[in-house]
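**Student:** this one's sequence-less:
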């Protein structure tokens, strides 16, 4: 897995990240929103690529507005499913957060992905809600209890 701040990303990486996010969320899930939301500038970008540089797994992490113990993540995707890359993303995110002194990683998980996050050690922390027209639930994981 590759871990970079926005300023460390090269132009090809930015292009491939945005292309993967568009393919998964806008084309694959029919979510219509402005993906380039200015949050990327302050994010840690965790991703994996194939041998041609195409992004095959991705998530972004950013400071939480809850408190200083939480590090949020979102825009989670894998384009080559069933190979354990989603779990590798979560494990890398947890290791990163722990190394930076955070206690929790948290996300707004799509309900369809709730089972995956539960298997990764997350717990539900909210009732179901709608975001971008899709049911979600807030979830978190204590990175010190792995």
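**Tutor:** Alright, I've got the coordinates. Everything numeric here is computed off the predicted structure, so don't read it as measured data. Numbering: from 1, shown residues only.
**Student:** just how off-centre is the helix or strand of the chain with the lowest mean pLDDT within its chain?
**Tutor:** Using mean pLDDT, DSSP states H and E, the weakest-scoring helix or strand in the chain turns out to be strand 70-78, at a mean of 89. From the chain centre to the centre of strand 70-78 is a distance of 2 Å (C-alpha atoms, centre = their mean, to the nearest Å).
**Student:** repeat that for stretch 127-143.
**Tutor:** 13 Å.
**Student:** what angle sits between the longest helix belonging to the chain and strand 70-78?
**Tutor:** Ranked by residue count under DSSP state H, the longest helix found in the chain is helix 85-99. Relative orientation of helix 85-99 versus strand 70-78 (axes from the mean of the first three to the mean of the last three C-alpha atoms, to 10 degrees): 160 degrees.
**Student:** mean confidence for stretch 39-55?
**Tutor:** With pLDDT averaged residue by residue, stretch 39-55 scores 94.
**Student:** how about that stretch: buried residues?
**Tutor:** Applying a neighbour-count criterion of 16 or more other C-beta atoms under 10 Å, one finds 40, 43-49, 55 buried in stretch 39-55. Quick note: C-beta positions are derived from backbone N, CA and C, even for glycine.
**Student:** hmm, who's touching the longest helix of the chain?
**Tutor:** Outside helix 85-99, the residues within contact range by C-beta atoms under 8 Å, 6 or more residues apart in numbering are 1, 3, 44, 46, 48, 56-59, 61, 71, 73, 76, 78, 104-105, 116-117, 120, 141, 143-144, 146.
**Student:** next SSE after it?
**Tutor:** Remark: after helix 85-99, the chain's next helix or strand is strand 104-110, criterion DSSP states H and E.
**Student:** Provide the strand pairings for that following strand, with the direction of each partner.
**Tutor:** For strand 104-110, sheet partners with direction are given as strand 70-78 (parallel), strand 134-142 (antiparallel), following DSSP bridges.
**Student:** which stretch among the ones you listed comes nearest residue 18?
**Tutor:** strand 70-78 (10.2 Å; C-beta to C-beta).
**Student:** contact partners of that closest one?
**Tutor:** Strand 70-78 is touched from outside by 20-21, 24-25, 35, 56-64, 85-86, 89, 93, 96-97, 100, 102-108, 113, 140, with contacts defined as C-beta under 8 Å, 6+ apart.
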